[in-house]
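# Need coordinates for the following:
(one chain, ligands or ions: 2)
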Amino acid sequence: MANRKEPGTDLEPAAGNGLLHRRVFLGAGAMAGVLGAAGMAHAEPLTVPEWVTKPGKRPLPYTQPSPFEGKVQRTIPDQNPLYEPGSAAGRTPHQFLEGMVTPNGLHFEVTHNGVPDIDPDKHLLVIHGLVKRPLKFTVNSLLRYPLTSRFHFVECAGNSGALYGANPVKGTVQQLHGLLSGAEWTGVMLSTLLDEAGIDPKAQWLLAEGGDATGLTRSIPLAKAMDDVMIALYQNGERIRPNNGYPMRLLVPGFQGNMNIKWLRRIRLTEGPMQTRYETSRYSLLLADGKAAQYKLQLDAKSFITRPSPGYQMQGAGLYEISGLAWSGNGTVKQVEVSADGGKSWALAALSGPVLPKMLTRFRAPWKWDGGPAVLQSRVTDDTGYVQPTRDALLLARGAKAQYHFNGITTFQVAAGGEVSHVYA
Ligand SMILES: Nc1nc2c(c(=O)[nH]1)N[C@H]1C(S)=C(S)[C@@H](COP(=O)(O)O)O[C@H]1N2
Ligand SMILES: [Mo]
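Numbering: from 1, shown residues only. Ligands and ions are numbered 1, 2, ... in the order given. Take a look at the predicted model:
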């Protein structure tokens, strides 16, 4: 380095209110200065903790997280009496997680009529409608096809819907944005099976149906199905869990979570969309004039900070790492900016790779908190050039009736005492 400074002084400002250049993450010399900010001086002899003095426990056949991590749980609200029995949402605790992959036990869940108890040996998937040869598959016959593994997020179109509300919800990122998870999915590309069935040239859409009590059905454009839709059998290396669609689910990367049909039992090729309940009265974007936007299926780029976030208590002025998630249903995260002064100035965050299309991307930014009030925001730009809008801009464009697809900027206020809360900018 040409103009080398003493460790600890190499903290170049990148934006207002203490945001530092992401360069501090690169290079050992610079890191030494950064680590010095949080490391505690050590002088006394090392003591022997109790657990070092005796043999530990025998291993378990299927392990669980440490009991000391007991607070890291999905939140499951009580049954809403207005909805079908078994209707439930489980939200991912992003405030406690790191990296880009959600552990299977913490993957969010939206289930409209309970989780069916499916015997994989009795489950059938049928492909019919506008095809030359209707086909049926068992789990075992599907497993004989070439498998593909891809990392993709799933996000409910209702995720973050509370941010359309007039008053900011005083909640954690789990409450605000927990209907979102990311995983490595392995399965058979739907195009492989459709090619085998032989597509009738009249087919432009397909209907996918779930094998649960609600028989959830959604229409999917055939072009999307032929592009990157997968029949997923594995989630992060193990068979998909019952609540996420065991033994097989549809994965429709970047599109509304609701289209990722769990417990998939039927695909019917059609000329047009079928206007099912879940694409008309629900999960459609209601415009200001009361009409629904037809087929806004892709989820636009979005990001939020996971740390520090509400529930997190700052431990005094000094160096912190801001960490968060960014993603786009339209492509790949190009850049993430963070602000500590409510959007007046922005610093580029470092993207912690791999940065993959239609997958969560972890971003990080160094921040020297001066102990005073700060207003934290993140803003993603994807590779289509789309920039995440402010909440005000989104509300203006969407009108007063919108419920779904909220992707505006989230704002967290850090009070002088170090308490973090969700606010509107
Ligand atoms: N068959 C069926 N598929 C379904 C659902 C359902 O209730 N039944 N819920 C949908 C909704 S609304 C969402 S957001 C996603 C959530 O996927 P996950 O539960 O694996 O996170 O599954 C979708 N697929
Ligand atoms: Mo959903």
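# Phi, psi for the residue of the stretch 101-250 of the chain found nearest ligand 2 please.
Nearest residue of the stretch 101-250 of the chain to ligand 2, counting by CB to the ion: residue 156, 3.2 Å away. Where C-beta positions appear, they are placed from N, C-alpha and C, glycine not excepted. With angles defined as degrees, to the nearest 10, residue 156 sits at phi -70, psi 140.
# for residue 340, same thing?
Torsion angles, degrees, to the nearest 10, at residue 340: phi -110, psi 0.
# nearest spatial neighbour of it, skipping sequence neighbours?
The shortest distance from residue 340 to any non-neighbouring residue, by CB to CB, 6 or more residues apart in numbering, is to residue 17 (3.8 Å).
# List the contacts of the one you found.
By CB atoms under 8 Å, 6 or more residues apart in numbering, residue 17 lies in contact with 340, 341, 345, 370, 374.
# what does the stretch 51-200 of the chain have sitting close to ligand 1?
Within the stretch 51-200 of the chain, the positions near ligand 1 by CB under 6 Å from any ligand atom are 107, 108, 109, 110, 111, 112, 154, 156.
# repeat that with 5 Å
When proximity is defined as CB under 5 Å from any ligand atom, the stretch 51-200 of the chain approaches ligand 1 at 108, 109, 110, 111, 112, 156.
# Which of the residues you listed fall in strands?
Mapping those onto strands (DSSP state E) picks out 109, 110, 111.
# Neighbour count says what about those residues? Which are buried?
Among those, those classed as buried by 16 or more other CB atoms under 10 Å are 109, 110, 111.
# nearest to residue 323, of the residues you listed?
Distance to residue 323, by CB to CB, is smallest for residue 109 among those, at 24.0 Å.
# Tell me the bridge partners for that closest one.
residue 90 (DSSP bridges).
# follow-up on the earlier one: report the two of the residues of the stretch 51-200 of the chain next to ligand 1 separated the most.
108 and 112, at 14.1 Å, using CB to CB across those.
# Which of the two has more residues huddled nearby?
Taking other CB atoms under 10 Å, residue 108 and residue 112 do not tie; residue 108 has more neighbours (26 against 22).
# wait, doesn't that one sit right on residue 180?
Yes: between residue 108 and residue 180 there is a contact at 6.2 Å, judged by CB atoms under 8 Å.
# one step back: just the buried ones among the ones in strands among the residues of the stretch 51-200 of the chain next to ligand 1 that are near ligand 2?
residue 110 (CB under 5 Å from the ion).
# Relative to residue 229, which of the buried ones among the ones in strands among the residues of the stretch 51-200 of the chain next to ligand 1 is nearest.
Using CB to CB, the shortest approach to residue 229 within those belongs to residue 110, at 18.9 Å.
# Could you pull up the residues touching that closest one?
Applying CB under 8 Å, 6+ apart, the residues near residue 110 are 88, 89, 156, 158, 179, 257, 258.
# and of the residues you listed, the nearest to residue 208?
Nearest to residue 208 among these, with distances taken as CB to CB, is residue 258, at 10.8 Å.
# Check for me that that closest one belongs to a strand.
No: per DSSP: H, G, I helix; E, B strand; the rest coil, residue 258 lies outside any strand segment and is helix.
# Distance check, it against residue 405.
In this view, residue 258 and residue 405 are 12 Å apart by CB to CB, to the nearest Å.
# Which one's more surrounded, the two?
Between residue 258 and residue 405, counting by other CB under 10 Å, residue 405 is the more crowded of the two (26 against 21).
# which residues touch the more buried one?
Here residue 405 is in contact with 157, 285, 296, 299, 300, 398 (criterion: CB under 8 Å, 6+ apart).
# Could you count how many residues lie near the closest residue to ligand 1 within the chain?
Closest contact between the chain and ligand 1, by CB to the nearest ligand atom, is at residue 210 (2.1 Å). For residue 210, the neighbour count with other CB under 10 Å is 24.
# Kindly state the beta-bridge partners for it.
Here residue 210 sits in beta bridges with residue 264, as judged by DSSP bridges.
# What pLDDT is listed against residue 176?
Looking at residue 176, its pLDDT stands at 98.
# Find the helix or strand that it is a member of.
In this assignment (DSSP states H and E), residue 176 forms part of helix 173-177.
# what's the offset of whichever helix or strand comes after that helix from the middle of its chain?
Later in the chain than helix 173-177, the nearest helix or strand by DSSP H and E is strand 180-189. Relative to its chain's centre, strand 180-189 lies at 12 Å (CA atoms, centre = their mean, to the nearest Å).
# which parts of the very next helix or strand once past strand 180-189 are buried?
The first helix or strand that comes after strand 180-189 along the chain, using DSSP H and E, is helix 190-197. By 16+ other CB under 10 Å, the buried positions in helix 190-197 come out as 190, 191, 193, 194, 197.
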